[in-house]
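# Predicted coordinates and the sequence they were generated for:
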Amino acid sequence: MSRQTLRWVPGGRPPGPASRVSYRAVAAVAAVAGLGLAASACSSSGSSNASSGGKVTVSIDCAPTAANNPVQHREWLADVFTAMLRAGTEPDIFYTYFTDLPQVLIAGQAADITPYVNSTTVPTLKDIVPGAMRAVTAGKTIYGLPTSNYTQGLIYNRTLFARAGLNPNQPPTTWAQVEADAAKIAKLGHGIYGYGDYSAGNTGGWHFSSYMDAMGGTMVNTASAPPTAAFDNSNAVAVLDALHTMRFTEHAMSPTQGLTWGSLQQQMAENKLGMYIAAPDDIYNVIVPTDKGNVNNFGMGPLPSASGTPAGSLGGGNTYIFAKHDTPAQIQAGIKFILFEDLTPGIGQFNFARIKADGLPVGFPEPELFDGASGAKINALRTKYATVNTSYFAPYVNANEADLGEPLDAQAVYKTLDPVMLAVLTEPSANIRTLLKTAAANVDTILANSPG
């Protein structure tokens with residue numbers, strides 16, 4: 001059975017039900033020390049088969065559901081993926097996020113496909129953005145191909161902007177402007193707040209990392225040996241000061257904090273939130289199809305920064321990695337499939353005519369996998385078949401934020417910054433410099449002991 005391994009950790013983002021690629025939460029199979037685990041949602045039946053001395057396969061029901069237990073669901077799927085890597089039972093071509101390659105390489109489960117990837121087998125290769133190819137490359141060795149990518153920007157509610165007397169065609173670009181606009185939106189009352197953010201489930205640290213990229217900073221200094229934390233500085237203080245001011249001085253953020261992925265999207269759909277940072281697919285994958293927001297209510301601008309011009313953005317995406325057990329014929333066939341489905345203008349995920357005919361939205365600025373001629377062709381086709389008002393996303397597109405990837409040992413770094421974000425958003429007297437110093441020391445320890 002052909003299947004995709006579906007997992008989410010921040011930076012990867014959780015794919016939504018209306019994603020261009022048809023994601024399905026399928027039974028994830030792992031085999032560890034001769035034991036096969038088939039994970040499914042809760043059901044009233046199960047089965048097991050065993051033969052003496054052979055592989056035993058058992059069905060385990062009551063896996064946490066994504067809808068009701070998103071964090072537990074994420075952890076479950078992450079564990080299954082890790083188990084498959086350790087056992088060498090992953091599919092021939094398996095789906096990963098940009099941050100997964102080190103884990104795959106440590107497990108020794110990736111095939112070197114460098115001899116098979118060239119301008120003949122992948123004609124659009126030269127146009128794939130460098131950040132996306134870095135996610136499948138170690139040194140000069142290629143282990144897979146990217147299929148989508150993203151950078152973050154500022155999602156804002158155009159309806160609330162208009163109601164607050166703000167220009168919905170001019171989203172804020174500086175932190176000072178964000179604070180001023182958030183305060184005006186919060187004055188609308190009725191449970192409406194101007195700005196929202198995360199502070200749990202690694203998502204607070206994820207957003208903090210993107211803020212640092214926009215400010216021209218970085219989370220980790222990879223030039224030192226071992227790498228060290230690089231966020232205990234004035235850029236971080238400025239960002240956290242802005243969040244703290246909006247929360248406790250302007251009262252432009254909700255008193256309900258400790259939020260994780262999914263909560264801000266729902267608030268935005270209900271017209272209860274003015275702004276938060278995310279990638280474009282939060283709108284077309286979640287806010288509109290799942291939370292029933294009106295697609296015409298939302299626009300995007302660049303990430304806020306001190307100058308109004310972001311230095312870059314945390315970036316991520318998805319890839320297909322080829323398993324170490326693949327034969328040359330399987331590698332060649334896999335490359336042909338990925339080329340057709342994900343890497344060719346006008347067909348597969350870029351067949352915008354078909355997408356429009358199927359009633360799915362067209363015109364959102366993602367993925368942006370290509371520069372050069374391929375990128376120009378895709379953008380022209382996207383505009384031709386657009387079903388959404390592309391001008392609502394022009395400020396984000398025109399900012400052309402550089403994709404800076406994610407920090408080394410990303411998930412551990414994000415987890416360490418969650419408490420900082422939580423304290424800033426829940427403690428009126430939070431000592432930001434002390435919080436940063438403590439977090440930096442903890443990250444230094446993590447990086448010193450990281451196998452990567």
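Ah, there it is. None of these values were measured; they are calculated from a predicted model.
# What residues does the closest residue to Phe161 other than its chain neighbours make contact with?
Excluding the flanking residues, the one nearest Phe161 by CB to CB, 6 or more residues apart in numbering is Pro168, at 4.3 Å. To be clear about C-beta, it is placed using only N, CA and C from the backbone, and glycine gets the same treatment. Shown in contact with Pro168 (CB atoms under 8 Å, 6 or more residues apart in numbering): Tyr156, Arg158, Thr159, Phe161, Ala162, Gly299.
# Output those in TSV; the columns should cover distance to Leu422 and secondary structure.
Shown next, in TSV, are those (distance: CB to CB, whole Å; DSSP: H, G, I helix; E, B strand; the rest coil):
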residue	distance to Leu422	secondary structure
Tyr156	24	strand
Arg158	30	helix
Thr159	30	helix
Phe161	28	helix
Ala162	32	helix
Gly299	29	strand
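# Pick out whichever of these sits closest to Asp371.
Gly299 (24.4 Å; CB to CB).
# Over to the closest residue in space to that closest one that isn't next to it in sequence: give its phi and psi.
In space, Gly299 comes closest to Tyr392 once its chain neighbours are excluded; the distance is 3.9 Å by CB to CB, 6+ apart. Note on Tyr392: its backbone torsions stand at phi -70, psi -20 [degrees, to the nearest 10].
# repeat for Ile128
Per degrees, to the nearest 10, the backbone of Ile128 is at phi -60, psi 130.
# mind showing which ranges of the chain have poor pLDDT?
1-80, 82-87, 89, 451-452 (pLDDT under 70).
# how close does Asp418 sit to Ala182?
22 Å (CB to CB, to the nearest Å).
# for Gln152, same thing?
Distance from Gln152 to Ala182, by CB to CB: 18 Å.
# And these two? Which one has more around it.
Remark: of Gln152 and Ala182, Gln152 carries more neighbours, 30 against 27, as counted by other CB atoms under 10 Å.
# Check whether that one really touches Ile277, as I assumed.
Yes. Gln152 lies in contact with Ile277 (CB atoms under 8 Å); the separation is 5.2 Å.
# quick one: common contacting residues for those two?
Common neighbours of Gln152 and Ile277 (CB under 8 Å, 6+ apart) are Ser210, Leu303.
# Out of the contacts of Pro168, grab the one that's most surrounded.
Most crowded among these, counting by other CB under 10 Å, is Tyr156 at 30 neighbours.
# ok, and the closest non-adjacent residue to that one?
Met275 (4.6 Å).
# residues contacting the one you found?
By CB under 8 Å, 6+ apart, the residues touching Met275 are 154-157, 171-172, 178, 181-182, 185, 194-196.
# quick one: secondary structure of it?
strand (DSSP: H, G, I helix; E, B strand; the rest coil).
# what's the distance between it and Thr120?
46 Å.
# next one: Asp418
Applying CB to CB to Asp418 and Thr120 gives a distance of 46 Å.
# More neighbours: which of these two?
Between Asp418 and Thr120, counted using other CB under 10 Å, Asp418 has the larger neighbour count: 24 against 7.
# isn't that one right up against Asn202?
Yes. Between Asp418 and Asn202 there is a contact under CB under 8 Å: 6.3 Å.
# Let me see the residues that make contact with stretch 111-122.
Counting by CB under 8 Å, 6+ apart, 125-126, 140-145, 322-326, 328, 331-332, 335-336, 339, 343 sit against stretch 111-122.
# Thanks a lot, catch you later.
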